[in-house]
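Student: this is the structure alone, sequence omitted:
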């Protein structure tokens, strides 16, 4: 079932990586987390990638995603590609 | 059937991905396992020419694939074609399908299976010592394992590739977490098969039943933060 908060994350990630858009995406992701994310799925869910020298960490704990989204345009761009 | 398996293991993503290969692929292969500190260029140079299949788990980018602590193993134009000629190569790594994969095929690799963007998934950092038991990572990594097992059991590259894609689709359909679902769809979209889709490797011997793969002991080496 589509999650309303997730739809807001998707909309926020459709914008270019400006500081305002990054902040908006971070806030949307925080709200999404409160509602749903990783509920009962594990003790420390972490988003990981096998990239090299890409300007963002290879492992971002899910609860730190909003922080990373707000400050790192490269991570924002990755999330834009992943979340469609 | 000789297979070179490179499993770097020094940070959370490499630990998680290599853990699945270590648990589900490595036990049924001849022992050319380049694990952790052995996942480096020189051991690879020695083992690759004798292998039919090369499986690599490590960080990568458009032009290169790296092993332990980002030691470069394969880079466009910087390897001996003998290492890859006639081989099926699977790299579980980011973006190697953009330039490295085509270069490997140009230099004689029978087929290349990889990804044209980042390979992303969710894992549980608290299960770093037993990554194979991480249910969260299973959704993304088991399709890769299933595809590799199919290849090792005599399926063609096209069939093995399709098994991986179908695995992502199946898991995405039942996934409740939207972020995990996005990761599955993203990996499925970015998976590529280059070279000969009908390529295959020699079938590994069947195991007599009853047969049970025993999990490896916990991995206690600390990870780089």
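Tutor: In hand now; what should we look at? Note that the structure is predicted; figures quoted are calculated from it, not measured.
Student: from here on, just use CA atoms for contacts and neighbour counts.
Tutor: OK.
Student: and the helix or strand containing residue B:114, is it in reach of chain A?
Tutor: If you go by DSSP states H and E, residue B:114 is part of strand B:111-115. No: Strand B:111-115 is not in contact with chain A by Cα under 8 Å from any Cα of the partner chain; minimum separation 10.5 Å.
Student: by contact count, what packs against that strand?
Tutor: If contacts are counted by 3 or more Cα pairs under 8 Å, 6 or more residues apart in numbering or on different chains; DSSP states H and E, strand B:111-115 sits against strand B:88-92, helix B:100-106, strand B:191-195.
Student: what about the strands in the chain?
Tutor: Here I'm looking at chain A. A:45-49, A:59-61 (DSSP state E).
Student: switch to chain B, please.
Tutor: Going by DSSP E, chain B shows strands at B:3-7, B:33-35, B:53-57, B:64-66, B:72-75, B:88-92, B:111-115, B:120-124, B:191-195.
Student: can you list the residues of chain B near chain A?
Tutor: Counting by Cα under 8 Å from any Cα, chain B sits next to chain A at B:12-14, B:58-61, B:92-95, B:118-126, B:136, B:176-179, B:182-183, B:186.
Student: just the buried residues of those.
Tutor: Buried residues within the residues of chain B next to chain A, counting neighbours by 16 or more other Cα atoms under 10 Å in any protein chain shown: B:12-14, B:58-61, B:92-95, B:118-125, B:136, B:176-179, B:182-183, B:186.
Student: from the residues you listed, which land in helices?
Tutor: Among those, DSSP state H puts B:12-14, B:136, B:178-179, B:182-183, B:186 in helices.
Student: grab the most central residue of the chain for me.
Tutor: Looking at chain A here, since you left the chain open. residue A:65 (4.9 Å; Cα atoms, centre = their mean).
Student: you answered for a different chain; I wanted chain B.
Tutor: residue B:92 (3.9 Å).
Student: ok, and the helix or strand in chain B with the lowest average confidence?
Tutor: Between all helices and strands in chain B, the lowest mean by mean pLDDT, DSSP states H and E belongs to strand B:33-35, at a mean of 86.
Student: by contact count, what packs against it?
Tutor: With 3+ Cα pairs under 8 Å, 6+ apart as the test, strand B:33-35 has strand B:3-7 packed against it.
Student: paired strands for the strand it packs on, with orientation please.
Tutor: As defined by DSSP bridges, the strand partners of strand B:3-7 come to strand B:33-35 (parallel), strand B:53-57 (parallel).
Student: ranking these by burial, who's on top?
Tutor: Neighbour counts (mean count of other Cα atoms under 10 Å in any protein chain shown) averaged over each of the strands paired with strand B:3-7 peak at strand B:53-57, with a mean of 25.
Student: can you state the direction angle for that one and strand B:88-92?
Tutor: Here strand B:53-57 runs at an angle of 10 degrees relative to strand B:88-92 (axes from the mean of the first three to the mean of the last three Cα atoms, to 10 degrees).
Student: which residues are contacting strand B:53-57?
Tutor: B:2-8, B:14, B:17-18, B:48, B:67, B:87-93, B:201 (Cα atoms under 8 Å, 6 or more residues apart in numbering or on different chains).
Student: out of everything not next to it in sequence, what's closest to residue B:47?
Tutor: Among residues not flanking residue B:47 along the chain, residue B:4 sits closest, at 6.3 Å (Cα to Cα, 6 or more residues apart in numbering or on different chains).
Student: surely that neighbour is in contact with residue B:49?
Tutor: No: shown here, residue B:4 and residue B:49 do not form a contact pair, counting by Cα atoms under 8 Å, at 9.2 Å.
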